[in-house]
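S.K.: turn this into a structure:
(2 chains)
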Amino acid sequence: MNDHAIVVQDLTKRFGKFTAVDHVSFNVRRGEIFGFLGANGAGKSTTIRMLCGLLSPTSGRASIGGHDVTTQPEQVKLNIGYMSQRFSLYDDLTVEQNIRFYGGVYGLQNDRLEERMAWVLKMADLKGREGSLTKTLSGGWKQRLALGCAILHQPRIVFLDEPTGGVDPISRRNFWELINQLSDQGITVLVTTHFLDEAEYCNNIILINAGKLIAGGTPSQLKRDYIVHPILEVTCQKVVDALEIVRAQPWVLEVSVFGTRLHVMVKDEHEGASQLSALLAAPTFGLGTIQRIVPSLEDVFLYLLDRDDGGKA
Amino acid sequence: MYRLLRPIIIKEFRQIRRDPTSLGMLLVLPTALIIFVGYALNFDVKHVPLVIFDQSKTAESRELLEKFKRTDLFDYKFDVQGYEEIEQLFLHRQATIAVVVPKAYADDVLAGRDVRIQLLVDGSDGNTGGQAVANASRITAEYSTRLAVDAIARMGGRSYIPIDFQPRVWYNPDLLSRQFLVPGLIGFILVLTAVISTSMTVVREKERGTMEQIMVSPLRPIQVIMGKTLPYLLISLLGATAILILGYVLFDIHVRGSLIVLYGGILLIVLGALGQGLLVSTVTDSQQVAFLISVFSSLLPSFLLSGFIFPVSSMPLVLQLLSNLAVNKFFLVVVRGVMLKGVGIDVVWPQFVYMGIFAALMLGISTRRMQKRAA
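M.R.: Purely as a prediction, here's the structure:
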């Protein structure tokens, strides 16, 4: 219990008849990067908003750094940082004015405020632009400034809700370096994303679908536990036509499209490969190579979501 | 407490300074309105265009008509020669009132018989027409009394007027409508600008997501509300002061009573209006909707229902009851009483109580609604 920064038990939120979050339970260890994955509308943001005290849960409980979110919201708020996809900054204030405002809201003053401001400016690479209006900054800069403002008060636990939405790939990579640095300092980071490549950076992951938790574990655990069968990557020119035919075969366990390639899950690597090359032999498919690949998290999640939705239908 | 309020207050002032529209609304609108209302919005009925149809054309009739020509209540245009001409002048809006003197006027007056003077009025503008009739009647009555006194004297009797009616108007001796309107304008402008500006500033933060960011901080909703309203309270007080100074400089309108009582009233109505603006901001997330609701909920009641222009006592009963929702109605009693009559708190305390209840309700409900969304 003590090495858990976040403990969530049966957390549920209903809006009228709609259940947005349905008995979700998970634990987050101190200092880890915890990925919270799911499609848009799956209940990620609602969960985070309950953990930050922005929404009250319908039932269940959650404790953040040992403080209960419903009974001790003030302590929770002092110990967390929160940053959302909207990069909640004042566009009509300068960089420095934004930092001073959020610092003041958390009660930072004098030397401590100056010190933290210098830290944020360095971290966000905004030195020399203190006087720029925030609306003139590009997405990546705004993103780092928003993160800086969210952790000015040096919280031990940080919630990042889709922090990489709407920024370019280089900014995204830089941002993950910052997240790693926070984690190295012992700060617990809970991050939601729908970029599955980002999930590989996380120590632990949970996947939520339609308000329910459907899987959890480390990235390698998830791959090992759910992808027990080999996955073959097939390159061909008519991906869509090939998909139709491959999907209909009884010996195919799972198939999904990745750009110009198909990922096909079969029971046996060699038998599957020969069956596939026979099936797609016709020149119209323009078959290229067939080879076994190490499964990615994307394979895992497409498999899990497919299984979950299939179970409901 | 203040340590946590300060960042919001500073930030709010910085944003107001950067936003020319809100600054314009808070400072230019009051100035423009007072000049507009003071000079243009005038109910005083003077210089009503007058024509005369004198069928008698005698020294006696000219003596009577001279009374009409020598007052600034009427502007004598010219003599006409018939009723058709009067009608044409009324239709073309060249005359509003016509005095018709009968042919036998001089003979009848000299013989001591009753005479009839006819007054024709264009009543399409009821207010002007009504006041013109009253003014004309008064002029004629005065002249008639003099004729009677003279007649009695000629017959050797002692002059005797049964009733000497002496109207004396207090507080606004010249019966100027701007004396009545300009103080009322203070409440109207304060309510309008305070409701609109607070609702817009809160909803703007909701649209940008910064409100959410503040809500995850240790600030309590009451601190957020105070931090956001105090700057607007201060600006509203400045606006009210500007109106008082302009009213004094341009229109010679003094504050006869206590400035402390007056500012106490201003403080209460602004607090109520700020609360109303916050309440509006809790029911919508869009600036457009917030603006519309603010304008409807502040402009209409404080303009139409409050007694600012139209007296509440002459409204139908339903509207009279509704008028109690317009906080400006109570402020008007205070501001007119203190400025024009010099009354003190001993007279207007019930209005203070009502405005206090209104402000407490508005601020209380909006704080609760904000807390509910947050916690």
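S.K.: now do the contacts for residue 211.
M.R.: Here I'm looking at chain A. In this structure, A:Gly211 makes contact with A:Thr19, A:Ala20, A:Val21, A:Asp22, A:Val24, A:Ala42, A:Gly43, judged by CB atoms under 8 Å, 6 or more residues apart in numbering or on different chains. The way it works is simple: take the backbone N, C-alpha and C, and place the C-beta from them, glycine included.
S.K.: try again with chain B
M.R.: B:Val202, B:Glu205.
S.K.: and the stretch 151-300 of chain B, which of its residues are near chain A?
M.R.: B:Arg208, B:Gly209, B:Thr210, B:Glu212, B:Gln213, B:Ile214, B:Met215, B:Val216, B:Ser217, B:Pro218, B:Leu219 (CB under 8 Å from any CB of the partner chain).
S.K.: okay, those in JSON lines with pLDDT next?
M.R.: Formatted as JSON lines, these follow (pLDDT from 0 to 100):
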{"residue": "B:Arg208", "pLDDT": "88"}
{"residue": "B:Gly209", "pLDDT": "88"}
{"residue": "B:Thr210", "pLDDT": "91"}
{"residue": "B:Glu212", "pLDDT": "89"}
{"residue": "B:Gln213", "pLDDT": "91"}
{"residue": "B:Ile214", "pLDDT": "90"}
{"residue": "B:Met215", "pLDDT": "88"}
{"residue": "B:Val216", "pLDDT": "90"}
{"residue": "B:Ser217", "pLDDT": "90"}
{"residue": "B:Pro218", "pLDDT": "87"}
{"residue": "B:Leu219", "pLDDT": "87"}
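S.K.: tell me which two of those residues sit farthest apart.
M.R.: Maximum pairwise distance among those (CB to CB): 20.7 Å, between B:Arg208 and B:Pro218.
S.K.: which ones among the residues of the stretch 151-300 of chain B next to chain A are found in helices?
M.R.: Counted as lying in helices by DSSP state H, out of those, are B:Arg208, B:Thr210, B:Glu212, B:Gln213, B:Ile214, B:Met215.
S.K.: next, count neighbours for the fifth one.
M.R.: Think B:Ile214. 22 (other CB atoms under 10 Å in any protein chain shown).
S.K.: quick one: low-confidence parts of chain A?
M.R.: For chain A, the stretches with pLDDT under 70 are A:1-2, A:310-313.
S.K.: how close does the nearest residue to A:Val240 once chain neighbours are set aside sit to A:Gly66?
M.R.: In this structure, A:Val240 finds its nearest non-sequential neighbour in A:Val257, 7.6 Å apart by CB to CB, 6 or more residues apart in numbering or on different chains. Distance of A:Val257 to A:Gly66, given as CB to CB, to the nearest Å: 46 Å.
S.K.: ok, now which ones touch the residue of the stretch 1-150 of chain A with the smallest separation from chain B?
M.R.: Taking CB to the nearest CB, chain B has its nearest neighbour within the stretch 1-150 of chain A at A:Gly104, 2.6 Å off. Taking CB under 8 Å, 6+ apart, we find A:Gly104 in contact with A:Leu113, B:Leu4, B:Arg6, B:Pro7, B:Ile8, B:Ile10.
S.K.: farthest pair within the residues you listed?
M.R.: Spanning the widest gap among these are A:Leu113 and B:Ile8, at 15.5 Å by CB to CB.
S.K.: okay, now the unreliable bits of the stretch 51-200 of chain B?
M.R.: B:159.
S.K.: same question for the stretch 251-375 of chain B.
M.R.: Ranges of the stretch 251-375 of chain B meeting pLDDT under 70: B:372-375.
S.K.: mind listing the helices for it?
M.R.: B:259-283, B:287-300, B:317-322, B:327-336, B:345-374 (DSSP state H, counting those that start in this stretch).
S.K.: other SSEs contacting the second one?
M.R.: In this case it means helix B:287-300. Under the contact definition 3 or more CB pairs under 8 Å, 6 or more residues apart in numbering or on different chains; DSSP states H and E, helix B:287-300 sits against helix B:177-208, helix B:259-283.
S.K.: can you list the ones you listed in TSV and add mean neighbour count?
M.R.: As requested, these are exported to TSV (neighbours: other CB atoms under 10 Å in any protein chain shown):
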stretch	mean neighbour count
helix B:177-208	23
helix B:259-283	23
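S.K.: these: which one's closest to B:Met355?
M.R.: That would be helix B:259-283 among the helices and strands packed on helix B:287-300, by CB to CB, at 4.0 Å.
S.K.: packing partners of the closest one?
M.R.: Using 3+ CB pairs under 8 Å, 6+ apart: helix B:259-283 touches helix B:177-208, helix B:221-251, helix B:287-300, helix B:327-336, helix B:345-374.
S.K.: name the element the closest residue to A:Gly103 other than its chain neighbours belongs to?
M.R.: Distances taken as CB to CB, 6+ apart place A:Leu113 nearest to A:Gly103, at 4.7 Å, with adjacent residues excluded. Using DSSP states H and E, A:Leu113 maps to helix A:110-123.
S.K.: show me what counts as buried in that helix.
M.R.: By 16 or more other CB atoms under 10 Å in any protein chain shown, the buried positions in helix A:110-123 come out as A:Leu113, A:Arg116, A:Met117, A:Val120, A:Leu121, A:Met123.
S.K.: out of those, who's nearest A:Val294?
M.R.: Using CB to CB, those come closest to A:Val294 at A:Met123, 34.4 Å.
S.K.: please tell me how far the closest one sits from B:Arg168.
M.R.: 78 Å.
S.K.: what does B:Asp19 give?
M.R.: For B:Asp19 relative to B:Arg168 (CB to CB), the value is 52 Å.
S.K.: more neighbours: which of those two?
M.R.: B:Asp19 (15 against 5).
S.K.: ok, now which ones touch that one?
M.R.: A:Asp92.
S.K.: now do the residue of the stretch 1-150 of chain A closest to chain B against B:Gly227, distance only.
M.R.: For A:Gly104 relative to B:Gly227 (CB to CB), the value is 10 Å.
S.K.: now swap in B:Leu233 and tell me
M.R.: 11 Å.
S.K.: do B:Gly184 as well
M.R.: B:Gly184 is 31 Å from B:Gly227, by CB to CB.
S.K.: A:Leu243: how many residues sit nearby?
M.R.: 17.
S.K.: do stretch A:187-206 and chain B meet?
M.R.: No. Counting by CB under 8 Å from any CB, chain B has no neighbours in stretch A:187-206; the shortest distance is 13.4 Å.
S.K.: show me what counts as buried in that stretch.
M.R.: A:187-194, A:196, A:198-199, A:201-202, A:204-206.
S.K.: and whatever residue of chain B ends up closest to chain A, what helix or strand is that in?
M.R.: Relative to chain A, the nearest point of chain B is B:Pro7 (2.6 Å; CB to the nearest CB). Using DSSP H and E, B:Pro7 maps to helix B:2-18.
S.K.: for the following helix or strand past that helix, the averaged confidence score.
M.R.: Using DSSP H and E, the next helix or strand after helix B:2-18 towards the C-terminus is helix B:20-39. For helix B:20-39, mean pLDDT rounds to 80.
S.K.: what inclination does helix B:20-39 have with respect to helix B:2-18?
M.R.: 70 degrees (axes from the mean of the first three to the mean of the last three CA atoms, to 10 degrees).
S.K.: please see if helix B:20-39 touches chain A.
M.R.: No. Helix B:20-39 is not in contact with chain A by CB under 8 Å from any CB; minimum separation 10.8 Å.
S.K.: tell me the buried residues in that helix?
M.R.: Buried-residue list, helix B:20-39, by 16+ other CB under 10 Å: B:Ser22, B:Met25, B:Leu26, B:Pro30, B:Leu33, B:Ile34, B:Val37, B:Gly38.
S.K.: contact partners for the first one?
M.R.: With contacts defined as CB under 8 Å, 6+ apart, B:Ser22 is in contact with B:Ile16, B:Ser197, B:Met200, B:Thr201.
S.K.: up against chain B, what does the stretch 1-150 of chain A have?
M.R.: So far as CB under 8 Å from any CB goes, the stretch 1-150 of chain A lies against chain B at A:52-54, A:56, A:73-74, A:77-78, A:80, A:82, A:84, A:86-93, A:97, A:100-107, A:109, A:149-150.
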